[in-house]
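Peer 1: model the following, please.
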Amino acid sequence: MLKRLRSLAFPSPVIWPWLGRLLITVAFAAVFLFALTVMLVRYWVLPEVPRYRQDIAASLSLATGLPISIGRIDADWAGLHPRLILQDVVLHDRQQQPVLSLHHVEGVVSWWSVLVAELRLQSLILDAPVLDVRRDNAGLIYVAGIVVNRPGGDSRFVSWILQQKRISVRNAVIRWQDDKAKALPLELQQVQLALLNSGSRHRFGLRATPPPSLASPLDIRGDLRGSGLQSLEGWRGTLFAQVSKLEFSSLRPYLPLPAEIRQGNGGVRLWFSFAGGQATEATADVLLNNVRSRLASDLPELDVESMSGRLGWRKLGAGFEVYGRQLALAVRGVVALPPATLSIRWLPAEGRKAAEGGIAMDRTDVGKILRLSDYFPLSAEVRQGLLALSPRGRFDEFALDWQGPWQNPSHYTIKGRFAGLEFNPYGHL
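Peer 2: Predicted coordinates:
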C-alpha cells in the first residue's frame with residue numbers, strides 16, 4: 001500500500017526526461033516567437049510608423065480620455081524596445097481647444113502593450129513643457145485646462161499616467177493661478193520631475209525654482225501606494241519636502257500658514273505620512289530667524305529671534321502625541337531656552353478604558369516656559385490651571401503620567417530630577 005501511495009505522489013523516473021525535453025522545447029519556442037516579433041517590429045512595423053500617426057494619436061486619446069494630435073512621429077530602437085519620437089504634440093480639452101503643447105516627446109514602448117492591447121510605455125520623456133495649473137473659486141483644480149479633482153470625474157488620463165513605468169519631465173515651467181485665494185500668479189522655473197510606477201507603488205521626485213523673493217529651490221519627494229483616483233481613501237504613503245530658505249511674509253498668499261506672520265525667514269525639512277484619507281505622522285526640522293507673528297488675533301505679537309530643532313506629531317489611535325527634540329527658542333525681550341526635549345501624549349477614554357496622558361521633558365526651566373503662555377492660544381481652562389499651579393524651578397528630567405481627566409486624574413505618577421521645584425496645590429496635586 002505504501003509503495004502504491006509513493007507511486008501516486010511522485011512521477012516515475014521515466015517521466016523526468018520527457019518533462020525536461022518539453023520545458024526546453026517551450027523555452028525555445030518562446031525565444032523564437034519573441035525574436036520573430038522583434039524582427040517584424042523592426043523591419044515591418046517601425047518603418048511604417050509615420051504612416052500610422054493618426055492611429056497612434058487615436059490610441060493615445062482613447063487611453064487618456066483626452067483628444068490628442070501629433071504633428072510628426074519617427075521611430076527607432078532603445079535597446080530591445082521600440083522608441084517613438086513625437087513632435088508638436090497638442091492636448092485638447094472637451095471643447096477641442098488646445099490646452100497643452102509639447103514640442104518634443106520621447107516614448108519607449110513596453111512589450112506589455114502587445115499583451116494588454118493598449119499603449120504602455122517603458123519610459124516617457126517630456127522636454128521643456130509649459131504647464132498652466134489653476135484653482136477656480138469652487139476649489140476645482142485644472143491642469144492644462146483639465147479638471148483633476150472633480151468628484152466622480154473622468155480620471156482615465158491620471159490612471160494612464162500611473163500605468164507607465166517611468167515618466168521624466170525636464171526643464172519645465174509651471175504657472176500657478178489661484179482664483180479662490182485671489183493670489184498673484186506664481187511661476188516655478190527649471191522644474192525637474194521623475195515618476196516611477198510599479199503596480200500600486202508610485203515614487204516621485206520634483207525639484208523647482210520659485211521666485212527668489214519667496215524661497216530658495218525646493219525639493220519634494222514621495223513614496224505612495226494606491227490603485228486609482230476613484231478610491232483615494234485607500235492610498236497611503238510618505239511625502240518629504242525640503243527648502244533651505246523661506247520668506248514667510250511673501251509666502252502667505254500662496255500657503256495657508258497657521259498664524260499671522262509679519263516677517264521672518266527660515267529653512268524647513270518636512271516628512272508627512274498618511275493612510276486611509278487621514279494624516280498619521282508629521283515631522284519637521286526647522287531653523288527660523290527673526291519671525292514676528294501673532295498666533296491669534298487677541299494675543300500679543302511673538303517676536304522670535306531664533307528657533308531650531310525638530311517638531312513632530314503622530315496619531316495614536318483616537319489620541320495623539322506631539323514632541324520637540326533638541327528644541328531651542330529665543331524670544332526677544334522675553335526668554336531664551338537652551339536645547340531641550342518635550343513630549344505630550346493624550347489618549348481619550350474609549351468604552352471602559354479611562355483616558356490617559358503623559359508629559360515628559362528634560363533640561364527645562366518651568367518658569368521660563370510659563371512666560372510664553374501669554375503668546376499661545378490656550379483655553380481659559382488651561383490658563384486658569386497654569387495660573388493656579390504657578391510652577392517654578394528646573395527639571396533635568398521629568399515625566400508625568402496620569403489616568404482620567406487631566407484636570408482631576410484618578411491616578412498619576414511623577415518622577416524626575418529637579419532643582420528648586422515649587423507649585424501651588426491644585427486638585428489632587
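
Peer 1: list the buried residues in the helix or strand containing Arg371.
Peer 2: In this structure, Arg371 sits in helix 366-371 according to DSSP states H and E. Across helix 366-371, burial judged by 16 or more other C-beta atoms under 10 Å covers Val366, Lys368, Ile369, Leu370. Just so you know, the C-beta spots here come from the backbone N, C-alpha and C atoms, and that holds for glycine as well.

Peer 1: quick check: which ranges of this protein have low pLDDT?
Peer 2: Residues of the chain meeting the criterion pLDDT under 70: 1-49, 79-80, 114, 117, 149, 151-155, 228-232, 258-259, 426-429.

Peer 1: what bridges to the spatially most central residue of the chain?
Peer 2: The chain has Leu239 as the residue nearest its centroid, 3.0 Å off, counting by C-alpha atoms, centre = their mean. Beta-bridge partners recorded for Leu239 (DSSP bridges): Gly222, Phe272.

Peer 1: surely it meets Gly222?
Peer 2: Yes. Taking C-beta atoms under 8 Å as the definition, Leu239 is a contact partner of Gly222 at 4.8 Å.

Peer 1: hmm, back to that, which strands and helices sit next to the helix holding Arg371?
Peer 2: Applying 3 or more C-beta pairs under 8 Å, 6 or more residues apart in numbering; DSSP states H and E, one finds that helix 366-371 contacts strand 335-347, strand 392-403.

Peer 1: mind listing the strands for the stretch 1-150 of the chain?
Peer 2: 68-78, 81-92, 98-109, 121-127, 130-135, 141-143, 146-147 (DSSP state E, counting those that start in this stretch).

Peer 1: so for Pro256, which of these sits nearest?
Peer 2: strand 130-135 (12.4 Å; C-beta to C-beta).

Peer 1: what residues are up against the spatially closest residue to Phe248 that is not a sequence neighbour?
Peer 2: Distances taken as C-beta to C-beta, 6 or more residues apart in numbering put Ile261 closest to Phe248, at 4.4 Å, once the chain neighbours are dropped. Neighbour list for Ile261: Phe248, Ser249, Arg252, Val291, Arg292, Ser293 [criterion: C-beta atoms under 8 Å, 6 or more residues apart in numbering].

Peer 1: save these as TSV, and put in neighbour count, secondary structure and distance to Ile141 too.
Peer 2: As requested, the contacts of Ile261 are arranged in TSV below (neighbours: other C-beta atoms under 10 Å; DSSP: H, G, I helix; E, B strand; the rest coil; distance: C-beta to C-beta, whole Å):
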residue	neighbour count	secondary structure	distance to Ile141
Phe248	22	helix	24
Ser249	18	helix	26
Arg252	16	coil	20
Val291	21	strand	30
Arg292	16	strand	33
Ser293	21	strand	29
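
Peer 1: for Arg156, state which of the residues you listed is nearest.
Peer 2: Arg252 (36.7 Å).
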